[in-house]
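1. here's my sequence, what's the structure:
(chains A, B, C and D)
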2 protein chains.
Amino acid sequence: MSSAPSPIGDDLVRVLASLANPHRLRIVAALARERAYVSGLARQLGISRALLQVHLRKLAAAGLVTASLELSEDGKAMNYYEVQPFVLTLTPEIIAAAVETLTVPDSAEQPGADR
Amino acid sequence: MSSAPSPIGDDLVRVLASLANPHRLRIVAALARERAYVSGLARQLGISRALLQVHLRKLAAAGLVTASLELSEDGKAMNYYEVQPFVLTLTPEIIAAAVETLTVPDSAEQPGADR
DNA sequence: CATACCTGCTAGCTTCTCTTTGCATGTGCG
DNA sequence: CGCACATGCAAAGAGAAGCTAGCAGGTATG
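-> The predicted model follows:
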């Protein structure tokens, strides 16, 4: 998979929203150094597992992290997360281009239906 | 100045949060084409003035837009907004670096910045 | 078999964000 | 002078997001 070509409208909002949070920023930072499993990462970051789960899910929904369930040597099920390498560049012009593909929050959402 | 070299922790969160919203993305996009005054921009975007004000304030707080009060020919006070040209590049590594400068949300520490 | 790890989920509270509505102010024009 | 247009701010409700606490299940080790 490529490194985030240019997220279209809604995707951009989702990515930005997923990053606009101190905890999730820390999570990305931690995973950038090395992949980690949920419980270990929670301890490392000093937050609860439940909270970490929520944030991880949001990051995963934005496609920034991925999970892979693995079995440790001693039979424990470990869910390892890792960052998806990405390069996101934003300028007013790039944003202007992305906005063109924003879907309207109302009923119908046809790709390119207004203007 | 202020082409956002590499926003430190909290600034990054603020910038990301300010961009993580469809309305504000549209605002940036509109201002990227040309500067505009509040009422005119509100009509152009099809949103209420009050709502636009709030979003503009958030963008301004993040340093992405600036306002300049001007007097029109017919004496009306017009508040013109324009985007601040910026280039924001994000990668997991850059985020990891920014996280180092994140302030802890502990008890009191920010001088009068609480809502 | 109790303890210690690992995983996941949800109910419920709290807090923040978004949005509307309304008020207040100022200037120019018919 | 009232209408049209410009500015601003604040209260208040709805909704989304954040967080905690608790439950349930799995496998290994003492």
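
2. which bits of chain A sit near DNA strand D?
-> Counting by CB under 7 Å from any atom of the strand, the residues of chain A close to DNA strand D are A:17, A:21, A:23, A:47-48, A:50-51, A:54-55, A:58, A:74-77. Every residue, glycine included, has its C-beta placed from N, CA and C.

3. so is the one residue in chain A that gets nearest to DNA strand D in a helix, a strand, or just coil?
-> Of all residues in chain A, A:Gly75 sits closest to DNA strand D, at 2.4 Å by CB to the nearest atom of the strand. In three-state terms, and counting by DSSP: H, G, I helix; E, B strand; the rest coil, A:Gly75 is coil.

4. so how far is A:Leu59 from whichever residue of chain A sits closest to DNA strand C?
-> The nearest approach of chain A to DNA strand C comes at A:Ser39, 2.8 Å away (CB to the nearest atom of the strand). Going from A:Ser39 to A:Leu59 by CB to CB, to the nearest Å gives 17 Å.

5. more neighbours: which of those two?
-> A:Leu59 (26 against 13; other CB atoms under 10 Å in any protein chain shown).

6. so that one is in which element?
-> helix A:49-61 (DSSP states H and E).

7. how about that helix: buried residues?
-> Of the residues in helix A:49-61, A:52, A:55-56, A:58-59 count as buried by neighbour count, 16 or more other CB atoms under 10 Å in any protein chain shown.

8. return the residues in contact with the residue positioned nearest the centre of chain A.
-> Closest to where the C-alpha atoms of chain A average out (CA atoms, centre = their mean) is A:Leu59, at 2.8 Å. A:Leu59 sits next to A:18, A:24, A:27-28, A:65 when contact means CB atoms under 8 Å, 6 or more residues apart in numbering or on different chains.

9. near chain B, list only the ones from these.
-> Filtering those for proximity to chain B (criterion: CB under 8 Å from any CB of the partner chain) leaves A:Val28.

10. what about the contacts of A:Leu59, which are in strands?
-> A:Val65 (DSSP state E).

11. out of the contacts of A:Leu59, who's the most crowded?
-> Going by other CB under 10 Å, A:Ile27 tops these with 29 neighbours.

12. surely it and A:Leu41 touch.
-> Yes. Look at A:Ile27 against A:Leu41 with CB atoms under 8 Å: they come within range, at 7.2 Å.

13. now do the shared contacts for the two.
-> A:Leu52.

14. now render the contacts of A:Leu59 as JSON lines, adding distance to DNA strand C and pLDDT.
-> What follows is these, written out as JSON lines (distance: CB to the nearest atom of the strand, whole Å; pLDDT from 0 to 100):
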{"residue": "A:Ser18", "distance to DNA strand C": "14", "pLDDT": "97"}
{"residue": "A:Arg24", "distance to DNA strand C": "14", "pLDDT": "97"}
{"residue": "A:Ile27", "distance to DNA strand C": "13", "pLDDT": "97"}
{"residue": "A:Val28", "distance to DNA strand C": "17", "pLDDT": "97"}
{"residue": "A:Val65", "distance to DNA strand C": "12", "pLDDT": "97"}
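
15. does stretch A:44-52 come close to DNA strand C?
-> Yes. Stretch A:44-52 is in contact with DNA strand C by CB under 7 Å from any atom of the strand, via A:49-50.
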